[in-house]
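[1] sharing a model prediction with you, sequence too.
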Amino acid sequence: MRMGRTLIAFGCGAPEISKSQWQDPSDILTVLTIIGGDIVQGALAQLVSSHPRPFTPVAFSFGWIAWSFSAIIAAIGSRRLMPMPDFPCTLIEVDTGYARDVNSWTLSRLVRDYELPDEIDGKEYDKSRGLTIAFFDTDEKKAIKIPDRDWVYWTGTAVIILQHCVAIIPGVLHGNWLILILTFGGTILVQLHAALPQWQQELWNAGTVKEGKSEVVCLTQGNGSQYVMVVRSKGGSLRLPHIAAARTVQSRATVPLTSLLAVLWLVHLFTVQGVKNDPWYLLLIGALGMVQNAIASGARRTPQALGFHLVAGEVVHDDKVMKAIQKAEGTEPKTGLALLDTFFPGGLRPDEKQWKDDMTAQRQREDEREGGNTVQVQVQVQMPVPQPAPVAENVEPPRTP
């Protein structure tokens with residue numbers, strides 16, 4: 001009987017509980033603020049490179065509290081704020097043939113977001129077959145690490161404005177300005193997180209190519225990939241191998257600043273928990289921010305929007321991978337040779353091996369000629385000018401017998 005009464009009481013009370021939740025979703029707000037940290041980190045990684053602009057168009061949303069504490073752990077342990085790449089790819093230095101995994105989020109997104117052209121030399125081709133190798137040159141007019149504004153940037157800006165417009169409504173209708181204060185405070189905390197100097201240091205921690213020199217690298221997913229991006233960096237450009245390595249950044253200010261921001265997010269959470277009037281406005285604001293964060297985190301972007309200002313060059317394609325590599329070798333010396341080990345890890349056929357040996361010998365002769373010319377010029381410059389032999393003074397002429 002007691003169990004039956006309990007079930008009856010529970011059944012009678014369930015609609016009341018459900019009704020109260022719909023009328024006052026404050027408890028739901030508290031739960032939502034601690035989920036979605038990965039989405040927040042991805043949105044920051046996409047848009048925090050908007051330097052030197054002080055504004056980062058990432059909206060306040062659910063999940064910031066969870067990510068703020070994850071940022072402390074990352075800053076203490078791995079010393080990284082940027083997430084690890086979600087698109088595995090490889091960078092190959094053409095001059096040395098050395099291949100390394102890309103550990104840079106931005107560089108991996110550059111490879112992921114590349115779109116194959118519909119036509120090559122005015123002719124359509126089957127993108128799904130063979131290998132396409134696209135060449136790019138760095139733009140001398142624009143420096144790497146200063147991205148262009150795109151639809152992702154402007155969408156984030158529009159959502160932030162829309163959030164504050166929604167937050168004003170309960171203040172105008174009911175005199176409840178707490179929603180606006182929480183929205184504005186959350187937006188300020190987001191901007192403070194994005195302004196941490198370590199973001200820029202992690203993104204663009206690289207040396208530069210020497211003036212008068214050039215550096216050529218290949219970016220690809222590896223064996224089985226449909227395309228390869230070949231980037232020719234000119235003097236003064238950032239070195240892509242350094243960016244790919246994602247070298248560790250040591251900043252003493254990161255840990256105390258992220259800790260302080262985490263405490264401020266806790267204060268923000270406690271204030272949200274105390275919202276009793278008009279909580280649906282705050283729920284809508286957080287939902288708008290979460291949608292914007294999710295879109296920004298996964299959006300495909302152009303190289304310019306990511307901060308890589310590249311000028312498109314030649315594109316070669318062939319249904320046979322080996323022939324495409326041979327075409328690339330004819331376009332940029334050593335490019336095809338550098339790709340052989342990646343796309344043919346099991347070895348080459350006799351005719352392919354013969355081509356490799358011939359091209360390797362040819363490139364070595366070219367390097368020796370260039371090196372010989374350099375040495376000859378240096379010898380001519382450094383060779384001392386012969387001086388006349390000194391004339392001896394007070395020397396008696398030889399006597400005749």
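    On my side now, so go ahead.
[2] from here on, just use CA atoms for contacts and neighbour counts.
    Will do.
[3] so where's the protein uncertain?
    Scanning the chain for pLDDT under 70 picks out the ranges 1-35, 49-53, 371-401.
[4] that one: strands as residue ranges?
    For the chain, applying DSSP state E gives strands covering 90-93, 99-101, 119-120, 123-124, 131-138, 214-220, 227-234, 310-318.
[5] for the second one, buried residues please.
    Within strand 99-101, the residues that qualify as buried by neighbour count (16 or more other Cα atoms under 10 Å) are Ala99, Asp101.
[6] what lines up beside that strand in the sheet?
    Sheet neighbours of strand 99-101, with direction, are listed as strand 90-93 (antiparallel) (DSSP bridges).
[7] and the partner strand, how far out from the chain's middle?
    Distance of strand 90-93 from the chain centroid (Cα atoms, centre = their mean, to the nearest Å) equals 16 Å.
[8] same thing with stretch 239-256?
    Centre-to-centre, stretch 239-256 and its host chain are 13 Å apart (Cα atoms, centre = their mean).
[9] tell me the buried residues in it?
    Within stretch 239-256, judged by 16+ other Cα under 10 Å, the buried ones are Arg239, Leu240, Pro241, His242, Ile243, Ala244, Ala245, Ala246, Arg247, Val249, Thr254, Val255.
[10] what does stretch 283-303 give?
    Those would be 283, 285-297, 300-303, for stretch 283-303 by 16+ other Cα under 10 Å.
[11] spit out the contact partners of the most centrally placed residue in the chain.
    For the chain, the residue nearest the mean C-alpha position is Thr106 (0.8 Å; Cα atoms, centre = their mean). Residues near Thr106 by Cα atoms under 8 Å, 6 or more residues apart in numbering: Ala45, Gln46, Pro85, Leu203, Leu306.
[12] closest one to Phe135 out of these, please.
    Leu306 (17.9 Å; Cα to Cα).
[13] from Lys145, how far out is that closest one?
    Going from Leu306 to Lys145 by Cα to Cα, to the nearest Å gives 8 Å.
[14] check Val228 too.
    When Val228 is compared with Lys145 (using Cα to Cα), they lie 22 Å apart.
[15] now swap in Ala312 and tell me
    For Ala312, the distance to Lys145 - Cα to Cα - is 18 Å.
[16] the more surrounded of these two?
    A count of neighbours by other Cα atoms under 10 Å puts Lys145 above the other of Ala312 and Lys145, at 20 against 13.
[17] need the contact list for the closest residue to the more buried one other than its chain neighbours.
    Excluding its sequence neighbours, the residue lying closest to Lys145 (Cα to Cα, 6 or more residues apart in numbering) is Gly307, at 4.5 Å. Contacts for Gly307 (Cα under 8 Å, 6+ apart) come out as Ser49, Ile144, Lys145, Ile146, Pro147, Asp148.
[18] much appreciated, bye for now.
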